[in-house]
Structure formats: structure tokens, C-alpha cells
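[1] Fold the stuff below for me.
(one chain, ligands or ions: 2)
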Amino acid sequence: MESETDIFYKELPKVELHAHLNGSVSVQTIEKVISRKPHLNIEQNMTAIGKGQRRTLDECFQVFKVIHQLVDSEEDILMVATDVIKEFAADGVKYLELRSTPREETKTGLTKKSYIETVIKAIQQCKIDGVDIDVRFLVAIDRRNGTEVAMETVKLAEEFMLSSDGLVVGLDLSGDPTVGHGKDLLPALQKAKNCGLKLSLHLSEVPTQQEETDLLLNLPPDRIGHGTFLHPEVGGSQSLVDKVRKNNIPLELCLTSNVKGQTVPSYSKHHFNYWYQLGHPSVICTDDKGVFSTDLSQEYQLAASTFGLSHEDVWKLSQQAIDCIFAPDDMIQQLKQKWVDMKPQVFK
Ligand SMILES: CC(C)=CCNc1ncnc2c1ncn2[C@@H]1O[C@H](COP(=O)(O)O)[C@@H](O)[C@H]1O
Ligand SMILES: [Zn+2]
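    Ligands and ions are numbered 1, 2, ... in the order given. I've put the predicted structure just below:
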């Protein structure tokens, strides 16, 4: 951790809806994987961006390549996923949607199928161990890989949605936003939606994606990652904003990620404020807590201190996130009850 987070934010029950598995790996876990693979000559400081540091988007995506080199077997994925889930739980996250791109690695025998199975195994193991968190999984499409891989990923996600006892709930579209075009992925995303997978799409993470965003908003997605350049003040348009509002599509907002990745110039200029002022459902998330050296408590505290939110405002924000989860209604009701039960303790 970079700086102390107030106890209120730690104790606040939280919902995390935008967390990439391999971007969420902590320093401690990275050290463990590095010690398993000394021959790679990778140092811990190559996988995280510290306090006050910034990187270009391109440099950030290089970091994921390094982490992928380190995390390349079923054994690694099981450890990484288990650690990440336990860390979110220790930070007061009560419900987590993890997302990850299935990969295959010939040299370790990892297949896309065993990749997903291993993440599911980690989720189940944490449940058995009594970790106080409910976890669901979104299978991710890396936009760089194009139409065919996207379609193959949707098929896998559908298979697991039907066989994972409700743990696989949806699909994520992510990857370097400057590569590829959403129109090539539209048929796969449409198919996913038709078969009942929920969709969370990274949209307008960089400027100049209006056309793609406009197209993909017609699906419509169930949630939007970032949406940094949707509104007219930053080169988006009123018609994009109207589409998002008309369909009431929640936004997943990641302050530190956007500032460190330099798509947003400073915390006070973050688009959280624009959407919050509109009363539009906005969920504070971490994106990549390992890479950006943060956690969800810290992100809530940052939002509060930057935009002058009271503890009561922050409570409402974390509570409203419950309505944006992809798990079915009984989980929503369970979480709402948990928030009611916990409130006296948090405001003591
Ligand atoms: C560069 C930057 C500012 C990152 C934050 N914004 C992001 N935008 C799009 N895709 C992302 C971002 N962060 C993580 N990802 C995706 O998540 C992957 C890492 O997690 P995983 O291997 O899917 O488990 C990356 O390879 C990338 O495909
Ligand atoms: Zn993301």
C-alpha cells in the first residue's frame, strides 16, 4: 500500500465489478511466482506502477505481457486467483466479479478450457475455506485477437455458464483499445447476449472511438468499463451520453488506473464527477489493483476526498453498486441484507 487508508473505507462493505485477474496480482504473490521462475530474470518492479508514477497506455500493456510470462500454468493461475480473492476479501469486498482472458500455453499444457476451470476451482476453494466473499467470473475477450477467437471465447463462456453452477455470469471485452475494431466483434457479442451471458464492455477508454462506441451501445451492453470519452466535454457527444442514460447502463469507474495510464489528466478531472452529478449509476472499481498499486478502499477514499463525498454519500455509492451486479436477484437481496446488518458497525 502506498498510503494509509482510513478505517471507514476498509470496513465499508464493497462490491468490486471491474477487476482483471492478472492485473490484480499483488507484490507478495508476484514475488512467489518470480521465485518459481528465476530463469525469466523478471523483477517485481517490472509489474507494478508505484505512487506518483505514470505510464503511457502502451507501456501499461507491456506490463501485462510480463505478468503473462510469469503466470502461465494451472498451478500459477490457481495460486494467483486464490490470493487475489483473499486480498479483495481482506479489503472488505463482499462481492467480486473477476474477469480474465483464457490463454493457452503449449509448454505447460494449459488450455483455454483448463484456464477457466482453474479460476472456477479457486473460487470454489475460497468458498470451502470460508473466505467471506462471493465471487463470480466474467470470461474476457482480448480485442486484439479478432473475430474468430472472440467467437470461440463466447462458445467457451456459454459452455461454462451452463456447467459452473452459476459462477460464470458474463463476458468482458477488453485489451488495448487502440488495436482492432468493435465491428469485427459485434456478431460474437450479440451471440453472447442472446445466450444469456451478461456483457461488460470497455468503451471509449481512449478518444476517437465514438463510432465504435455508438455501434456497440446498440447491443446494448449491461455495463460499461471506463467510458472516459463518452461525454461532449472530452470529445464524446450528447447522443452517446443519451444512449447510455436511456438504457441506464452502469459505468465501472477506475480512478487510479485512468490517472496512472494517463487517459485522465488528474483525479479532479476524472469523469466520475460528470456521471455522479447526473445521478447515473457509477461503480467505483480498481481495474488492476496489482499493476496500479491500489485497492478498492483506497479508490473509494480517493473519490471521497477528490469530490467532497460524505461518509453517508460513500455508503450510498457502495450500496447502489449492488444493483449493478450480474448475479441473479437472490444474491442482490442477500447483499442488501448484509449492508443493512453491517451499517451500525461501520458508522459506530
Ligand atoms: C493500460 C491500462 C491503463 C490498463 C487499464 N485498462 C485496461 N484496458 C483494457 N484492457 C485491460 C486493461 N487492464 C487490463 N486489461 C486486460 O486484462 C488483461 C490482463 O488480465 P487477464 O490476463 O485477462 O487476467 C490485459 O492483457 C488486458 O487484455
Ligand atoms: Zn479494465
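
[2] who in the stretch 201-348 of the chain is up against ligand 2?
    Within the stretch 201-348 of the chain, the positions near ligand 2 by C-beta under 5 Å from the ion are Gly225, Asp287. Any C-beta I mention is one placed from the backbone N, CA and C, and that applies to glycine too.

[3] ok, which residues in the stretch 201-348 of the chain are in contact with ligand 1?
    Neighbours of ligand 1 within the stretch 201-348 of the chain, by C-beta under 6 Å from any ligand atom: His202, Glu205, Ser257, Gly261, Asp287, Asp288.

[4] Of these, which is the nearest to ligand 2?
    The shortest gap between ligand 2 and any of those belongs to Asp287, at 4.6 Å (C-beta to the ion).

[5] so the residue lying closest to Thr82 once chain neighbours are set aside is in which element?
    Excluding its sequence neighbours, the residue lying closest to Thr82 (C-beta to C-beta, 6 or more residues apart in numbering) is Ala122, at 4.6 Å. In the assignment (DSSP states H and E), Ala122 maps to helix 112-128.

[6] quick one: average pLDDT of that helix?
    Confidence for helix 112-128, expressed as mean pLDDT, is 98.

[7] For it, buried residues please.
    For helix 112-128, the neighbour count (16 or more other C-beta atoms under 10 Å) marks Lys112, Ser114, Tyr115, Ile116, Glu117, Thr118, Val119, Ile120, Lys121, Ala122, Ile123, Cys126 as buried.

[8] Isn't Pro232 up against Gln238?
    Yes - assessed by C-beta atoms under 8 Å, Pro232 is found in contact with Gln238 at 5.4 Å.

[9] between those two, who's got more neighbours?
    Neighbour comparison, Pro232 and Gln238: the larger count goes to Pro232, with 13 against 10 (by other C-beta atoms under 10 Å).

[10] Skip the chain neighbours and tell me the closest residue to Asn273.
    Excluding the flanking residues, the one nearest Asn273 by C-beta to C-beta, 6+ apart is Phe307, at 5.6 Å.

[11] separation between that neighbour and ligand 2?
    With distances taken as C-beta to the ion, to the nearest Å, Phe307 is found 21 Å from ligand 2.

[12] That residue - how many residues pack around it?
    When neighbours are counted by other C-beta under 10 Å, Phe307 registers 16.

[13] mind listing what it touches?
    Phe272, Asn273, Tyr276 (C-beta atoms under 8 Å, 6 or more residues apart in numbering).

[14] Please, a PyMOL command that selects the buried ones among the residues of the stretch 201-348 of the chain next to ligand 1?
    In PyMOL, a selection of the buried entries from those looks like this (16+ other C-beta under 10 Å):
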select buried, resi 202+205+257+261+287+288
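
[15] In helices, which of the residues of the stretch 201-348 of the chain next to ligand 1 fall?
    Ser257 (DSSP state H).

[16] Can you tell me which of the residues of the stretch 201-348 of the chain next to ligand 1 is closest to ligand 1?
    Within these, the smallest distance to ligand 1 is 2.5 Å, found for Gly261 (C-beta to the nearest ligand atom).

[17] rewinding a little: what's the first helix or strand after the helix holding Ala122?
    Counting by DSSP H and E, the next helix or strand C-terminal to helix 112-128 is strand 134-142.

[18] Does that following strand reach ligand 2?
    No - figure legend: strand 134-142 not in contact with ligand 2 (C-beta under 5 Å from the ion); closest approach 9.0 Å.

[19] Give me the distance between Asn145 and Gln209.
    Here Asn145 is placed at a distance of 18 Å from Gln209 (C-beta to C-beta, to the nearest Å).

[20] So which of the two has more stuff around it?
    Neighbour tally, Asn145 and Gln209, criterion other C-beta under 10 Å: the higher count belongs to Gln209, 23 against 16.

[21] Do I have it right that the more buried one meets Leu215?
    No - contact between Gln209 and Leu215 fails when scored by C-beta under 8 Å: they sit 9.9 Å apart.

[22] In terms of helices and strands, where is the closest residue to ligand 1 within the stretch 51-200 of the chain?
    Residue nearest to ligand 1 within the stretch 51-200 of the chain: Cys60 (2.8 Å; C-beta to the nearest ligand atom). Using DSSP H and E, Cys60 maps to helix 57-70.

[23] Look up how far Asp176 lies from the residue nearest to Thr82.
    Distance from Ala122 to Asp176, counting by C-beta to C-beta: 26 Å.

[24] pLDDT below threshold where in the chain?
    The model of the chain has pLDDT under 70 over residues 1-3.

[25] residue ranges of the strands in it, please?
    All strands of the chain, identified by DSSP state E, fall at 14-20, 93-100, 134-142, 168-174, 198-203, 223-226, 251-253, 282-284.
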